[in-house]
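Asks: Need the 3D shape of this:
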Amino acid sequence: MHFLSDTLLGTTRWHVRELPFSGNDCDMYWISPSDFKVHQELLTFLGSSGGDVILRAISSIDSAPSSKEWTVFQLCFVLVSRNCHTRFHVDFDKSLSGDAWHVMIPVVLVPDSPPELLVQSTKDAGILYSVKYEPGVACMWGPLLCHSTAMFSYTSGYRICLSVSVACINAGNVKRIVSDISQQYPPRRMSLLMDWAKKPHFSGGKCKLPFFSQEALLGQEWLKQYNNYVATTTNSRDGRYSSVSKSLQKWICHQRYCFSLKYGSSGTENASSSSHVRSARRTLTYYREFMLRQLQFSFHVDRDQGANQLKWNTMYEELKEYIQCNGHSSVSRGENSKLYAWLRTQQAVLSGKECLSVTKRHRLYLLKELGIQL
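Replies: From the prediction side, this is the model:
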C-alpha cells in the first residue's frame with residue numbers, strides 16, 4: 001500500500017478485511033494497521049501531509065474550540081471498485097454529536113467516475129445528496145449524518161480513500177467511542193484510548209500530530225535538486241532552459257520522463273506491471289509530484305524545448321561571437337560549415353511562417369536583434 005511517499009509497507013503489517021455484508025454486489029475492503037507501529041507510521045504520514053488542516057477545521061466547528069482536545073484514534077484505507085447496493089448508516093452513536101468526527105480523504109480516484117457518496121437529508125429522509133470526491137479535498141461528517149457509498153462499477157482500477165476517526169475522548173464518552181471501533185487496531189480497550197487522550201493531537205489551537213521531515217519524505221538528493229530548481233527559476237528573469245545547470249537539466253528531464261511513464265503518456269510503456277513504470281512511480285511519488293505542481297512545473301514540453309533548446313542556444317552564442325569578431329553575419333561554408341548550415345536551417349524554419357510556437361517566435365526575435373534577415 002502506498003501513501004504519499006510511496007514507501008512500500010509489508011502486507012503482514014496490515015489487516016485486510018472484506019466488508020462483512022458485501023456479498024457478490026460489492027468488493028469493498030478495509031485495510032487497517034495491524035499494530036501500534038504501523039498506526040503511528042500512518043499517523044505520521046497524515047501529519048506530514050496537511051493533517052493539521054483537518055483538525056483545525058474540526059476545532060473551528062465547535063462553539064468553544066479551546067475547550068476540546070482532539071485525538072485521531074482510528075485509521076483505515078477503504079478500497080473499492082464495485083458497489084451495486086446502498087446501505088445507509090451513521091458512523092457513531094448519536095450521543096457523540098460534537099465529540100466525534102469521521103473524515104474521508106481521497107487518495108486514488110478513478111477518472112470520470114460518478115459521485116461516490118450519498119447523503120440523506122437530516123430534514124427529509126427521502127431527499128438524497130450526491131457527493132463527488134475531489135483530489136486534495138477531504139469530506140467530514142459527524143455522528144448524525146446518515147450516508148451510504150453510492151452505486152457504481154469501475155471498468156478498471158480501484159478508488160482508495162483514507163478513513164480517519166477523530167474524537168474528543170473523555171471518561172464520559174470513551175465507552176461509546178470504543179464500541180464503534182471496527183478495525184483490528186486499536187483494540188477495544190478504554191484504557192488505551194484514555195492514555196492516548198492524555199496526549200491529544202490537537203489542543204489549544206496547536207497541532208501535535210507526528211510528522212516526517214521534508215528530507216525524509218522527499219529524499220535528500222531529490223530535495224537538493226528541487227531546491228536548486230526553485231533557486232534557479234526564481235533568479236532567472238525568463239526561466240528559460242539555458243539557465244539550468246547540466247545536473248539540474250538531467251533531473252528535470254527525468255521528472256518529466258517518470259511522469260510520462262506513470263500516466264502512460266510516453267507511448268512505449270503502457271502496462272502498469274512494467275518494471276519501468278513501477279520504477280517511475282517510486283521516483284516520482286505523489287508527494288514529489290505535489291511539490292512540483294505547486295511550482296507549476298511543466299511536465300510536458302514541446303520538441304523545441306529541453307535539450308533541443310540547449311543546442312540552439314549554443315549555436316546562437318557561437319553566431320554572436322562570430323558577429324563580434326567579424327562585424328557581419330554573412331557566414332560562409334568555408335569559414336564555419338556547421339554555423340553556416342545552422343543559419344540556413346533557421347532561415348528555412350523561421351522565415352515566412354505564421355504559426356510559430358512560443359519558442360520559435362522567441363528565436364526569431366533573438367536572431368533579428370543580431371541583424372539576421374529572415
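Asks: buried stuff in stretch 334-348?
Replies: In terms of neighbour count (16 or more other Cβ atoms under 10 Å), stretch 334-348 has its buried residues at Leu339, Trp342, Leu343, Gln346. No exception for glycine: its C-beta is placed from N, CA and C like everyone else's.
Asks: where do the strands sit along the chain?
Replies: Defined through DSSP state E, the strands belonging to the chain, from first to last, are 14-18, 29-33, 71-80, 82-83, 100-108, 117-120, 128-131, 139-141, 147-149, 152-153, 159-167, 202-203, 206-207.
Asks: out of the buried residues of stretch 334-348, who's nearest Ser81?
Replies: Lowest distance from Ser81 to the buried residues of stretch 334-348 (Cβ to Cβ) belongs to Gln346, with 53.5 Å.
Asks: all helices in this protein, in order from the N-terminus.
Replies: For the chain, the helices identified by DSSP state H occupy 36-48, 51-61, 174-179, 190-197, 214-218, 220-235, 246-262, 275-283, 286-294, 307-326, 337-350, 358-369, in order along the chain.
Asks: And the second one, what does it pack against?
Replies: Right, the one you point to is helix 51-61. Contacts of helix 51-61 with other secondary structure elements, assessed using 3 or more Cβ pairs under 8 Å, 6 or more residues apart in numbering; DSSP states H and E, are made with strand 100-108, strand 139-141, strand 159-167, strand 202-203, strand 206-207.
Asks: if you compare those strands, which one is most tucked away?
Replies: Ranked by mean neighbour count, these are led by strand 159-167 with a mean of 22 (mean count of other Cβ atoms under 10 Å).
Asks: List the neighbouring strands of that strand plus their orientation.
Replies: Strand pairing for strand 159-167, using DSSP bridges, gives strand 71-80 (antiparallel), strand 100-108 (antiparallel).
Asks: chain center to that strand: distance?
Replies: Computed by Cα atoms, centre = their mean, to the nearest Å, the chain-centroid distance of strand 159-167 equals 17 Å.
Asks: Show residues contacting that strand.
Replies: Contact with strand 159-167 is made by 3, 30, 46, 54-55, 58, 70-81, 91, 96, 99-110, 113, 116, 133, 173, 177, 180, as judged by Cβ atoms under 8 Å, 6 or more residues apart in numbering.
Asks: Then stretch 51-63?
Replies: Looking at stretch 51-63 with Cβ under 8 Å, 6+ apart, the contacting residues turn out to be 43, 65, 68, 70, 72, 98, 101, 103, 105, 138, 140, 164, 166, 201-202, 205, 207, 209.
Asks: Which positions within it qualify as buried?
Replies: Of the residues in stretch 51-63, Gly51, Asp52, Ile54, Leu55, Ile58, Ser59 count as buried by neighbour count, 16+ other Cβ under 10 Å.
Asks: Residue ranges in the stretch 101-250 of the chain under the pLDDT threshold?
Replies: Across the stretch 101-250 of the chain, the stretches falling below the confidence threshold (pLDDT under 70) are 235-243.
Asks: That should have said the stretch 251-374 of the chain, apologies.
Replies: Low-confidence segments of the stretch 251-374 of the chain, defined by pLDDT under 70, span residues 265-274, 301-307, 353.
Asks: What values do phi and psi take at Met28?
Replies: Backbone dihedrals for Met28, given as degrees, to the nearest 10, come out at phi -80, psi 140.
Asks: Not counting sequence-adjacent ones, nearest residue to Ser351?
Replies: On the basis of Cβ to Cβ, 6 or more residues apart in numbering, the spatially nearest residue to Ser351 that is not a chain neighbour turns out to be Leu374, at 4.2 Å.
Asks: oh sorry, the question was meant for Phe297
Replies: Phe297 sits nearest to Gln255 (Cβ to Cβ, 6+ apart), 7.3 Å away.
Asks: do you know how far that neighbour is from Val103?
Replies: Distance of Gln255 to Val103, computed by Cβ to Cβ, to the nearest Å: 31 Å.
Asks: same thing with Phe45?
Replies: Distance check for Phe45 against Val103: by Cβ to Cβ, it reads 14 Å.
Asks: With Glu18 instead?
Replies: Using Cβ to Cβ, which is the criterion applied here, Glu18 is 23 Å from Val103.
Asks: relative to its centroid, which residue of the chain is most remote?
Replies: Note on the chain: the largest C-alpha distance from the chain mean falls to Gly334, namely 55.4 Å (Cα atoms, centre = their mean).
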